[in-house]
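S.K.: Compute the structure for the input listed below.
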Amino acid sequence: MGRQTTNTYIKYRKGSKHPEYDRDVPADIRHIVGKAKWKKSLRAFSHDGAITEARRLANEHDQIIAASRNPHLLGRANPLGTAAFDLAGGQAGFLKWFDQRASEAVRLGDEAASWREHAAEHGPDDDIADPDWASAKAAALDAERLQINRQIARDAPHLRTLGKTASELRKDRLFAAADAIEVNPRDPETITLSGVVAAWKEQTSPVAPEQYEYPTKLFEELHGALPMKDIGVDHVRAFRDALIKMPPASGGKYDGMTMQQVIQIAETGKLKPLKASTAGKHFRCLKALFTFAFEEQYINVNVAASIKFRAPKEKYSEGEKIKRRTFSPAEMTMLVQAASTNRWRDNDENMWFLRLMTYTGARPEELAQLSASDVEMRAGHLCLNLHDAGDNHIKNPSSVRKVPVHPELLRLGFAAFVRGASDRPYLFSSLEADGRGRRYGRMQDRLTRLIDGKISKDPRLVPYSMRHGFKDSMRLAKAPEEVVEQIMGHSSPLHRTGRGYGSAQIVIMAEWMAKADPFDKRRVVSEFKDEDADELLDGVEEDATYNLLVQ
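M.R.: Residues are numbered from 1 along each chain as shown. Coordinates of the predicted model:
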């Protein structure tokens with residue numbers, strides 16, 4: 001490049017007498033600035049004027065570097081926009097620059113297409129470009145266009161922050177910019193990951209779409225809202241590697257910040273990263289979206305399919321902290337006694353919820369959405385009908401099932417409790433649906449307070465422990481594994497035969513269920529991992545879910 005002055009970043013290209021401002025963008029903020037260099041020709045300035053202009057640029061870029069390294073100096077509503085606007089010389093300069101880049105991307109695309117067409121034509125050899133050379137030329141043009149499109153994808157949100165619509169941009173004669181932000185995110189040719197999420201939500205009506213929207217948001221903060229066809233293996237791998245650097249997001253303390261900025265804060269402050277199970281779940285959700293995009297033919301190749309999430313090696317003691325455990329038989333006795341003497345005494349709903357969790361092995365949310373009409377006679381046995389009709393939700397297809405009512409529940413008067421609830425929509429009328437349509441939250445708080453206040457301070461002991469305690473009771477009774485799965489609604493890939501719930505199956509399940517005793521003193525305490533932390537929830541086919549989990 002030639003010589004460079006000490007503080008002004010003025011350089012002279014070899015063989016040129018004209019100065020230019022040429023400064024490397026520090027590697028740690030290139031993802032924010034969106035480029036590796038700041039460059040500007042100074043040939044229009046006198047010698048002294050070039051020095052003055054270079055110093056002005058150097059001071060401006062010093063401020064951008066400082067702001068990028070301290071996210072709190074950037075605007076919280078639009079953290080990247082501040083640097084982008086300053087770099088372009090203000091909002092007007094940014095709009096003009098954006099339009100120029102969008103126009104250049106279109107030109108490069110047209111030129112690449114022209115080279116490919118020219119090489120495919122028939123004519124005199126001396127008039128037609130060598131096909132290999134033409135292909136290489138087209139590929140180079142496409143690569144440059146793709147890089148510009150990535151930059152446009154990252155910076156397009158700034159236009160929305162300014163409130164700029166496509167029609168307003170056209171009025172200002174910024175036609176290429178208008179076309180760039182008007183691209184239909186659902187167009188198969190240009191669909192983005194956000195567009196895939198929208199299409200997936202329409203088809204699956206998930207209970208918890210935020211589990212897929214959140215990693216999508218992070219991915220597009222890291223790489224920009226790229227068209228799916230422009231996303232490569234490197235993007236997916238980089239996202240996976242960035243996920244394990246993210247700190248837990250709680251209390252809204254990172255609201256308004258991008259993934260890059262949050263990671264920078266975490267690395268500077270040496271914050272503890274996300275649990276591997278949480279980061280892994282985010283990554284599996286992202287991979288599920290790529291699988292959906294491939295199935296819908298939005299992409300021809302699933303670039304995420306072979307990328308695996310490998311949990312960082314952790315100390316044995318740390319791994320033990322995230323495990324849960326079941327109640328011992330003695331603790332179960334204490335739990336029931338504490339509930340009967342608690343202020344719950346006159347609250348039938350609380351007691352019956354506790355009893356159902358103890359003797360059914362059902363998921364708490366499945367119980368919370370039961371109505372009196374969901375308790376029905378089948379093959380001479382009173383059964384719980386767990387389904388997803390109406391406003392009800394299930395975890396996976398195997399969760400739709402009939403569960404015979406345990407004889408102990410019948411002895412305690414469950415049938416009478418159900419008859420008393422026949423005039424209300426739900427058995428547990430005090431449980432109202434939250435914003436996601438789930439009803440268990442309030443009961444979970446009640447049970448947690450009871451456990452922590454009366455039974456144990458062991459953080460591994462949670463209401464969900466009762467579901468796994470019932471499973472251990474079934475195993476202690478030597479119930480066949482496929483029967484246990486039918487009762488509990490598991491989706492093991494090893495038992496995928498048609499389950500069915502005819503009279504014979506109901507009778508078999510009822511016989512084994514009657515043998516399960518969560519208070520059996522022979523039952524030992526077992527450990528388990530939080531089921532909801534390790535499994536995908538909504539909208540993924542069982543086969544796809546299993547394939548993701550075993551990776």
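S.K.: Pull the number of nearby residues for residue 436.
M.R.: 13 (other C-beta atoms under 10 Å). C-beta here means a position set from N, CA and C on the backbone, and glycine is covered the same way.
S.K.: try the one 4 residues further on
M.R.: Counted by other C-beta under 10 Å, the residues lying close to residue 440 total 21.
S.K.: Look up how far residue 369 lies from it.
M.R.: For residue 440, the distance to residue 369 equals 8 Å [C-beta to C-beta, to the nearest Å].
S.K.: same check, this time on residue 24
M.R.: With C-beta to C-beta as the criterion, residue 24 and residue 369 are 59 Å apart.
S.K.: Between the two, point out the one with more neighbours.
M.R.: residue 369 (25 against 10).
S.K.: now the closest residue to residue 444 other than its chain neighbours, what's its secondary structure?
M.R.: Spatial nearest neighbour of residue 444, chain neighbours left out: residue 463 (5.8 Å); criterion: C-beta to C-beta, 6 or more residues apart in numbering. Classification of residue 463 using DSSP: H, G, I helix; E, B strand; the rest coil returns coil.
S.K.: show me the contacts for residue 463.
M.R.: Neighbouring residues of residue 463 by C-beta atoms under 8 Å, 6 or more residues apart in numbering: 357, 364, 444, 447-448, 451.
S.K.: Need the residue closest to the centroid of this protein.
M.R.: residue 215 (3.2 Å; C-alpha atoms, centre = their mean).
S.K.: Tell me which helix or strand residue 169 sits in.
M.R.: helix 166-171 (DSSP states H and E).
S.K.: what's in contact with the next helix or strand after that helix?
M.R.: Going down the chain from helix 166-171, the next helix or strand is helix 175-181, by DSSP H and E. If you take C-beta under 8 Å, 6+ apart as the criterion, helix 175-181 is touched by 95, 98-100, 102-103, 105-106, 152, 156, 159-160, 164, 166-167, 169-170.
S.K.: buried set for helix 175-181?
M.R.: Neighbour counts over helix 175-181 (16 or more other C-beta atoms under 10 Å) mark 176-181 as buried.
S.K.: Report the rounded mean pLDDT for it.
M.R.: For helix 175-181, mean pLDDT rounds to 86.
S.K.: continuing past that helix, what's the next helix or strand?
M.R.: Following helix 175-181 in sequence, per DSSP H and E, is helix 193-204.
S.K.: helix or strand right after that following helix?
M.R.: Helix 193-204 is succeeded, C-terminally, by helix 210-223 (DSSP H and E).
S.K.: Pull the helix or strand following that next one out as PDB, backbone CA atoms only.
M.R.: Toward the C-terminal end, the helix or strand that comes next after helix 210-223 (DSSP H and E) is helix 233-243. Presented in PDB, the C-alpha positions along helix 233-243 are these (Å, rounded to 0.1, in the frame of the first residue of the first chain):
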ATOM      1  CA  VAL A 233     -23.200 -23.700   6.400                       C
ATOM      2  CA  ASP A 234     -20.900 -21.000   7.700                       C
ATOM      3  CA  HIS A 235     -23.800 -18.900   8.900                       C
ATOM      4  CA  VAL A 236     -25.400 -21.800  10.800                       C
ATOM      5  CA  ARG A 237     -22.000 -22.800  12.300                       C
ATOM      6  CA  ALA A 238     -21.300 -19.200  13.400                       C
ATOM      7  CA  PHE A 239     -24.700 -18.900  15.000                       C
ATOM      8  CA  ARG A 240     -24.200 -22.100  17.000                       C
ATOM      9  CA  ASP A 241     -20.800 -20.900  18.200                       C
ATOM     10  CA  ALA A 242     -22.300 -17.500  19.200                       C
ATOM     11  CA  LEU A 243     -25.100 -19.100  21.100                       C
END
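S.K.: what angle separates helix 233-243 from helix 193-204?
M.R.: Interaxial angle, helix 233-243 versus helix 193-204 (axes from the mean of the first three to the mean of the last three C-alpha atoms, to 10 degrees): 80 degrees.
S.K.: by contact count, what packs against the next helix or strand after helix 233-243?
M.R.: Where DSSP H and E defines the elements, the next helix or strand beyond helix 233-243 is helix 259-268. Where contact means 3 or more C-beta pairs under 8 Å, 6 or more residues apart in numbering; DSSP states H and E, helix 259-268 is packed against helix 30-33, helix 210-223.
S.K.: re the thing from before, looking at the buried residues of helix 175-181, which is nearest residue 51?
M.R.: residue 177 (34.1 Å; C-beta to C-beta).
S.K.: if I pick residue 414, what's in contact with it?
M.R.: 352, 355, 382, 405.
S.K.: Can you read off the backbone torsions of it?
M.R.: phi -60, psi -40 (degrees, to the nearest 10).
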